[in-house]
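K.L.:
Pasting a predicted model and its sequence here:
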Amino acid sequence: MLLKAAINGGRPTSEHPAVPRTIEQIVEASRAVIAAGADVVHAHVITEDGAQTIEPEAVGAWVRAMRAADPAIVIGTTTGLWTVESHAERMRHLAGWPGDALPDFASVAFCEEGAAEAAELVLERGMVLESAVWSIEDVPALLASPTLHRNVRILIEPETEDADDAVAECRRIAAVIRAAGVAAPILYHGYDATVWPVVEAAIADRCETRIGFEDGVHLPDGSLPAGNAELVAAVRALERG
């Protein structure tokens, strides 16, 4: 089972002091989660004032630092509209990511304006694409996208805070996507209260999954881990049964 480590996102350090924020911390956390059993790393670049950014200089600095630390680690980042003022600005930033310092993959959320165009640009720039849906309402846009069958995986990210509803939503969306002929792997992941039930459902359904401080800061027993690596190790332990 492919396991992605989502090591920071917009999670503040007030919720866990070990959330990696600086490039140096992101590099260190990335190496730790790979050592703990993650297959790929998803990270958000954070500005000095704490905002998430996809600005080209910042993305390039992160990628270069990761490549210098360990070029074998597969890394990806967001293209989320919440990091910019508009879709037009997002497209300018994606077009400006340094050609010699591109992430391996990038995520595009199909709940957002311009998602299909952003997905096409990710591929044109030579990166691997993964597309996300947050609800069943996002699925038609995904299925209509010209990049549909060029995804490395489809992410299902239910927004509900109810664990049972989140698992049911993952399975409902997955069934619709499969019925449409999509062969790419499907990844389930939750948020906060839904994290571990959704991880368990992904294991049961033989899907890919994701763990890390972006999604939640607790282990299955409710305790706090020292860092992202403990969360990764906990998923692998669940997978082994």
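P.N.:
Looks like it arrived, so ask away.

K.L.:
how about the strands of the protein, start to end?
P.N.:
3-6, 40-42, 45-46, 52-53, 75-78, 105-109, 128-133, 151-156, 186-188, 208-211 (DSSP state E).

K.L.:
What residues sit buried inside the fifth one?
P.N.:
Looking back up the chat, that one is strand 75-78. Going by neighbour count (16 or more other C-beta atoms under 10 Å), the buried part of strand 75-78 is 75, 76, 77, 78. To be clear about C-beta, it is placed using only N, CA and C from the backbone, and glycine gets the same treatment.

K.L.:
same check, this time on the first one
P.N.:
Burial within strand 3-6, assessed by neighbour count using 16+ other C-beta under 10 Å, is assigned to 3, 4, 5, 6.

K.L.:
which residues does the last one contact?
P.N.:
By C-beta atoms under 8 Å, 6 or more residues apart in numbering, the residues touching residue 6 are 42, 43, 189, 210, 211, 212, 213, 214, 215.

K.L.:
re earlier: would you format the strands of the chain as JSON lines with distance to residue 226 and mean pLDDT included?
P.N.:
Formatted as JSON lines, the strands of the chain follow (distance: least, C-beta to C-beta, whole Å; pLDDT from 0 to 100):
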{"stretch": "strand 3-6", "distance to residue 226": "15", "mean pLDDT": "98"}
{"stretch": "strand 40-42", "distance to residue 226": "18", "mean pLDDT": "98"}
{"stretch": "strand 45-46", "distance to residue 226": "20", "mean pLDDT": "98"}
{"stretch": "strand 52-53", "distance to residue 226": "24", "mean pLDDT": "98"}
{"stretch": "strand 75-78", "distance to residue 226": "22", "mean pLDDT": "98"}
{"stretch": "strand 105-109", "distance to residue 226": "27", "mean pLDDT": "98"}
{"stretch": "strand 128-133", "distance to residue 226": "28", "mean pLDDT": "98"}
{"stretch": "strand 151-156", "distance to residue 226": "27", "mean pLDDT": "98"}
{"stretch": "strand 186-188", "distance to residue 226": "25", "mean pLDDT": "98"}
{"stretch": "strand 208-211", "distance to residue 226": "14", "mean pLDDT": "98"}
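
K.L.:
For residue 17, find the nearest of those strands.
P.N.:
Proximity to residue 17 (C-beta to C-beta) singles out strand 45-46 among these, at 14.7 Å.

K.L.:
next one: the closest one to chain centre, how far?
P.N.:
Here the centre of strand 45-46 is set off from its chain's centre by 14 Å, with C-alpha atoms, centre = their mean, to the nearest Å.
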